[in-house]
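Chemist: only geometry, no sequence info:
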Ligand code: GLU
C-alpha cells in the first residue's frame, strides 16, 4: 500500500450525519485507491474535549470506518509545530501582527484586494512601533507571502484558485493555526490524499502554498459537498435526529449509502461497489 487518506475531526461536538458521510467518503476514496486510512483528532482548540473525541471515534467505528495506526492527537504535537514555526521564522518569513479582528475589518484595503484578505497593517512596522504594540496585545505570527493567487486541483471542483494572503501561523494565544498543523501532520503521517467537506476548499490554496514552502509534496484534494437541512442551511445538531445517538448506526449508515446512490449491507460491501467517478457534486438535502 502506498500513500494514505485520513479523517481529521475537531472534537468540539458530536459528529452529525453530514460529518459521518464525509468520513465515509474519505475512507472509501482512500481504500478504493489502495491507500491506508488514518485518523487524527484536531484538538488544539480549547473548545474541544477528549470525551467528545472518544465518542466521535466510536461513532466512526460504528458505521464501519476503520483506520490503521494509533490515532494522532494534535495536542501531543505542539513541540513539532513549534519547530516548524521556528524554521519559518529563521527564514525571515514571519512577522508579528497586533491586529484584532475589528482592526482588520476596519483597515483600509488596497483597491482590488480580495475580501477578507489581511490588509498588511503590521507587515512593515518599524521595530520601535512593534515594541510599543507588543506591550498592548500578545501578537499573532503571520506568514509573509506574495499575496498572490494560488491554484490547486480538486477531484470534484477541478482547478480552484484562491488568494494566499499573509495568513496566521500562530495565534496570539500561542496556539498553532489550523492551516499549519494540518499541513505538518498530513506530511508527517504520509497523507497524500485529503478528502473533507467543501467548506474547507478555500483553505486548500494556503495549505498547498505552505506545503510547497516547507518542501512537502502537495496532496491530492477532494472537497465533498456538505449536507444541508430542508431550509438550505448547513446541517446542524438542532436540525433534529442527526447523530448516531439519535438514529442508530445502522440507520445512519443506510441513509448515507442512499444519499450516495448505493444500497449496501456494510462498509465492505459499499467499498466493493464504490465508484469515485460518481460522488455527488451537489449537497445532500437531509430529509430530517
Ligand atoms: N478539523 C477540521 C474539521 O473538523 C478538518 C480539517 C481537515 O480535514 O483538514 O473541520
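Modeler: Received the coordinates, thanks. Owing to the predicted nature of the structure, the values given are computational and were not obtained by experimental measurement.
Chemist: now for the lengthiest helix in the chain, which elements pack on it?
Modeler: Longest helix in the chain by number of residues (criterion: DSSP state H): helix 17-32. Where contact means 3 or more C-beta pairs under 8 Å, 6 or more residues apart in numbering; DSSP states H and E, helix 17-32 is packed against strand 4-7, strand 36-41, helix 50-62, strand 193-197, strand 220-224, strand 227-228, helix 249-260, helix 267-273. Any C-beta I mention is one placed from the backbone N, CA and C, and that applies to glycine too.
Chemist: give me that answer again for 6 Å
Modeler: Secondary-structure packing of helix 17-32 (3 or more C-beta pairs under 6 Å, 6 or more residues apart in numbering; DSSP states H and E): strand 4-7, strand 193-197, helix 249-260.
Chemist: So what's the residue count around the residue of the stretch 51-200 of the chain found nearest the ligand?
Modeler: Minimum separation of the stretch 51-200 of the chain from the ligand (C-beta to the nearest ligand atom) falls at residue 196, amounting to 3.6 Å. When neighbours are defined as other C-beta atoms under 10 Å, residue 196 has 23 of them.
Chemist: OK, contacts around residue 273?
Modeler: Contact analysis of residue 273 by C-beta atoms under 6 Å, 6 or more residues apart in numbering lists residue 262.
Chemist: mind checking how far it is from the ligand?
Modeler: 25 Å (C-beta to the nearest ligand atom, to the nearest Å).
Chemist: Near the ligand, which residues of this protein? Just list them.
Modeler: Listed as neighbours of the ligand in the chain under the rule C-beta under 6 Å from any ligand atom: 8, 9, 10, 42, 182, 196, 200.
Chemist: Can you tell me which of those residues are classed as buried?
Modeler: 8, 9, 10, 42, 182, 196 (16 or more other C-beta atoms under 10 Å).
Chemist: So which elements touch the host helix or strand of the fifth one?
Modeler: Counting by DSSP states H and E, the element that carries residue 182 is helix 178-188. Under the contact definition 3+ C-beta pairs under 6 Å, 6+ apart, helix 178-188 sits against helix 204-213.
Chemist: hmm, try it at 8 Å
Modeler: helix 78-90, strand 168-170, helix 204-213.
Chemist: what does the model give the closest residue to residue 222 other than its chain neighbours for pLDDT?
Modeler: Spatial nearest neighbour of residue 222, chain neighbours left out: residue 155 (3.9 Å); criterion: C-beta to C-beta, 6 or more residues apart in numbering. Among the per-residue scores, residue 155 shows a pLDDT of 98.
Chemist: and if you look at residue 112?
Modeler: The model's pLDDT for residue 112 equals 62.
Chemist: ditto for residue 1
Modeler: Note for residue 1: predicted pLDDT of 65.
Chemist: For this structure, give me the ranges with low pLDDT.
Modeler: Scanning the chain with the threshold set as pLDDT under 70 gives 1, 110-113.
Chemist: residue nearest the centroid of this structure?
Modeler: residue 200 (5.8 Å; C-alpha atoms, centre = their mean).
Chemist: Quick check: bridge partners of the residue nearest to that residue when sequence neighbours are not counted?
Modeler: By the measure of C-beta to C-beta, 6+ apart, the closest residue to residue 200 outside its immediate chain neighbours is residue 223, 6.4 Å from it. Per DSSP bridges, the residues bridged to residue 223 are residue 196.
Chemist: who's in contact with residue 223?
Modeler: Residue 223 makes contact with 154, 156, 157, 195, 196, 197, 198, 200, 201, 204, according to C-beta atoms under 8 Å, 6 or more residues apart in numbering.
Chemist: now the residues you listed: which count as buried?
Modeler: 154, 156, 195, 196, 197, 198, 201, 204.
Chemist: my read: the first one touches residue 222, true?
Modeler: By that I understand residue 154. Yes: judged on C-beta atoms under 8 Å, residue 154 makes contact with residue 222 at a distance of 6.3 Å.
Chemist: Overlap of the contact sets of the two?
Modeler: Common neighbours of residue 154 and residue 222 (C-beta under 8 Å, 6+ apart) do not exist.
Chemist: any idea which of the helices and strands packed on helix 17-32 is most buried?
Modeler: Most buried of the helices and strands packed on helix 17-32, by mean neighbour count (mean count of other C-beta atoms under 10 Å): strand 4-7, with a mean of 25.
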